[in-house]
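A.B. asks: Here you go, sequence then predicted model.
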Amino acid sequence: MPDAINMRGEQGRMTDKKTIAVLFGGQSSEHDVSRISAQSVIENLDRDKYNVVMIGITKEGRWLTYNGPVEKLGSGEWQAIAEGSSDTSCLCESNSAVSLFKAAGAKNGCGGIDAVFPVLHGCNGEDGTIQGFFELAGIPYVGCGVLGSALGMDKAYSKIVFEKEGIPQGKYVVLNRKQLKHDMDSAVSAVEAALQYPCFVKPSNAGSSVGVGKAHDRHTLVNALNAAARYDRRILVEEFIDGREIECAVLGNDDAVASTVGEIVPCNEFYDYNAKYIDGNSKCIIPADLPCDTIFKIREYAVRAFKALDCSGLSRVDFFVHKETGEVYINEINTLPGFTSISMYPKLWEESGVPYDKLIERLIELAFERFEDNKRSIDC
């Protein structure tokens with residue numbers, strides 16, 4: 001009798017398992033980081049609770065199912081394995097959005113996909129485009145919706161929302177690629193009239209500090225503007241704030257909560273792509289050594305920023321704390337922050353009492369919660 005009970009229990013768990021598609025790669029400058037994040041996520045998904053389907057998007061835009069070793073994701077070797085597999089094909093030939101995920105599930109012995117975990121950073125991954133695809137497919141997905149993703153990705157528009165919300169931030173100027181091409185002198189003069197050197201230049205739509213530069217004078221400003229324009233048609237130039245770089249993680253939907261806060265001590269002049277992912281010499285101090293009232297203020301601003309942009313699931317909100325005055329300024333929000341083994345988002349929650357595997361589980365629960373909450377009646 002005990003054996004029969006155990007068998008029914010095992011069958012019950014098997015039938016209750018959700019099938020999660022982990023989507024990674026993508027056509028963005030953060031393709032490589034996405035693969036590393038995805039590997040970490042997949043390695044920490046509880047296989048007693050979830051069936052995992054891996055779907056990779058190549059840099060050329062091909063969608064491929066992948067059934068090989070998880071450890072090949074970070075290195076990039078997965079693509080050759082997927083393309084050489086006889087039972088793996090390009091998924092972009094499917095006739096509809098939902099059939100794509102059904103086909104992916106069927107290939108992996110599942111009836112279909114219950115939810116998608118998009119581990120995609122940067123353009124076409126956290127800017128609302130792929131989220132719109134999921135909405136059309138009618139599939140629950142982890143993370144922010146179309147609006148929150150689009151606003152969070154566009155640093156210029158998120159600043160407008162933060163200003164409306166009354167969250168302190170530095171001065172800034174928005175330019176576009178055509179301005180630079182037709183009259184660079186006027187563009188530079190506009191920056192110099194509003195800001196002092198040094199100042200930061202970044203693409204309005206990009207992540208992981210790709211295309212970000214620090215300008216100390218007119219010559220380096222021109223170079224930084226041209227570099228940022230490679231990644232987006234709109235360029236953001238920001239006031240330099242001599243501050244400590246502080247980050248706070250937010251988790252939840254309408255009832256979002258903030259983690260403890262952490263400080264980044266970059267190994268380079270600022271926390272650029274190289275400092276984040278290559279050098280490995282930047283320091284993360286968790287929790288940050290700050291006064292209690294400053295930490296409280298940062299956590300409050302983080303949740304306010306999250307809700308102001310109508311975010312859901314997760315976000316990491318970045319701040320500056322001025323080294324002399326102690327004033328807090330919001331820098332930006334990241335709606336699909338890195339999930340690598342050294343990423344701040346999971347580290348902040350681990351310090352706050354939520355280990356990596358439980359964090360992933362909670363994010364999947366929030367995806368289903370948001371999907372149900374978003375259902376609406378359509379009167380014909």
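C.D. replies: Perfect, I can see it now.

A.B. asks: from here on, contacts and neighbour counts on C-alpha atoms
C.D. replies: Fine.

A.B. asks: Low-confidence stretches in the stretch 151-300 of the chain?
C.D. replies: Residues of the stretch 151-300 of the chain meeting the criterion pLDDT under 70: 207-209, 267-281.

A.B. asks: run the last query once more with 80
C.D. replies: 206-210, 266-282 (pLDDT under 80).

A.B. asks: can you map out the helices along it?
C.D. replies: Along the stretch 151-300 of the chain, the segments classed as helices by DSSP state H, counting those that start in this stretch run 155-165, 177-182, 184-194, 218-229, 273-277, 292-308.

A.B. asks: Tell me which of the ones you listed lies nearest to Phe24.
C.D. replies: Minimum separation from Phe24 across the helices of the stretch 151-300 of the chain (CA to CA) falls at helix 273-277, 17.2 Å.

A.B. asks: Distance to Glu263 and mean neighbour count added to the helices of the stretch 151-300 of the chain, as TSV?
C.D. replies: Shown next, in TSV, are the helices of the stretch 151-300 of the chain (distance: least, CA to CA, whole Å; neighbours: other CA atoms under 10 Å):
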stretch	distance to Glu263	mean neighbour count
helix 155-165	21	18
helix 177-182	33	14
helix 184-194	29	15
helix 218-229	26	19
helix 273-277	13	18
helix 292-308	11	19
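
A.B. asks: Turn these into CSV, columns for distance to Lys358.
C.D. replies: Formatted as CSV, these follow (distance: least, CA to CA, whole Å):
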stretch, distance to Lys358
helix 155-165, 30
helix 177-182, 43
helix 184-194, 46
helix 218-229, 37
helix 273-277, 25
helix 292-308, 21
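
A.B. asks: and Tyr50, which of the ones you listed is closest to it?
C.D. replies: Smallest distance to Tyr50 across those (CA to CA): 28.3 Å, for helix 292-308.

A.B. asks: Please put the alpha-carbon coordinates of that closest one into CSV.
C.D. replies: Coordinates of the C-alpha atoms in helix 292-308 are reproduced here as CSV (Å, rounded to 0.1, in the frame of the first residue of the first chain):
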residue,chain,number,x,y,z
CYS,A,292,19.2,53.6,7.6
ASP,A,293,17.2,56.6,6.4
THR,A,294,19.1,56.6,3.1
ILE,A,295,18.4,52.9,2.6
PHE,A,296,14.7,53.5,3.4
LYS,A,297,14.5,56.3,0.9
ILE,A,298,16.2,54.3,-1.9
ARG,A,299,13.8,51.3,-1.3
GLU,A,300,10.8,53.6,-1.3
TYR,A,301,12.0,55.3,-4.6
ALA,A,302,12.6,51.9,-6.2
VAL,A,303,9.1,50.7,-5.6
ARG,A,304,7.6,54.1,-6.7
ALA,A,305,9.6,54.0,-9.9
PHE,A,306,8.5,50.4,-10.5
LYS,A,307,4.9,51.2,-10.1
ALA,A,308,5.1,54.5,-12.0
